[in-house]
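1. 3D model of this:
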Amino acid sequence: MINHGTRRTGRVDFKDLGGKRIPKGESVLCPLGSANRDPAVYPDRPDRLCLGAQLARIEAEIAIATLLRRLPELKLDNAESPQWRPTFVLRGLTKLPASW
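-> Here you go, the predicted structure:
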């Protein structure tokens with residue numbers, strides 16, 4: 001499973017980030033999936049209902065169904081060999097050529 005995150009590099013010495021010292025120039029990986037899940041900060045939230053992923057699925061389903069209804073002749077130009085972005089941070093296609 002790929003963990004989505006973002007990398008940050010310190011511009012100055014940082015004295016305390018969660019009890020750790022981060023020197024200037026040091027990189028820190030911030031996993032986005034762990035946002036708002038610290039039980040020390042959100043004692044009742046780590047496993048509480050999260051609508052984000054399910055809402056995104058529903059929105060995508062509606063968007064794709066609407067697109068296909070409005071453009072019934074829509075065809076992917078290269079469905080056999082999609083070009084994926086070469087990164088683990090945000091997965092996705094570099095492009096998705098289509099015609100109608």
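
2. So which residues of this structure form helices?
-> Residue ranges of the helices in the chain, as given by DSSP state H, are 52-70.

3. Nearest spatial neighbour of the residue of the chain most remote from its centre, chain-adjacent residues omitted?
-> Taking CA atoms, centre = their mean as the measure, the residue most remote from the mean C-alpha position of the chain is Glu73, 30.5 Å away. Counting by CB to CB, 6 or more residues apart in numbering, Glu73 lies nearest to Trp100, which is 4.5 Å off, once chain neighbours are set aside. Every C-beta, even on glycine, is put in place using the N, C-alpha and C of the backbone.

4. isn't that neighbour right up against Leu71?
-> Yes: counting by CB atoms under 8 Å, Trp100 does reach Leu71; the two are 4.8 Å apart.

5. So what's the predicted local confidence for the nearest residue to Leu76 once chain neighbours are set aside?
-> With CB to CB, 6+ apart as the measure, Ala98 is the residue that lies nearest to Leu76, at 5.3 Å, once sequence neighbours are left out. Per-residue confidence for Ala98 comes out at a pLDDT of 92.

6. neighbours around Ala98, how many?
-> As a burial measure, the neighbour count of Ala98 was computed by other CB atoms under 10 Å and equals 13.
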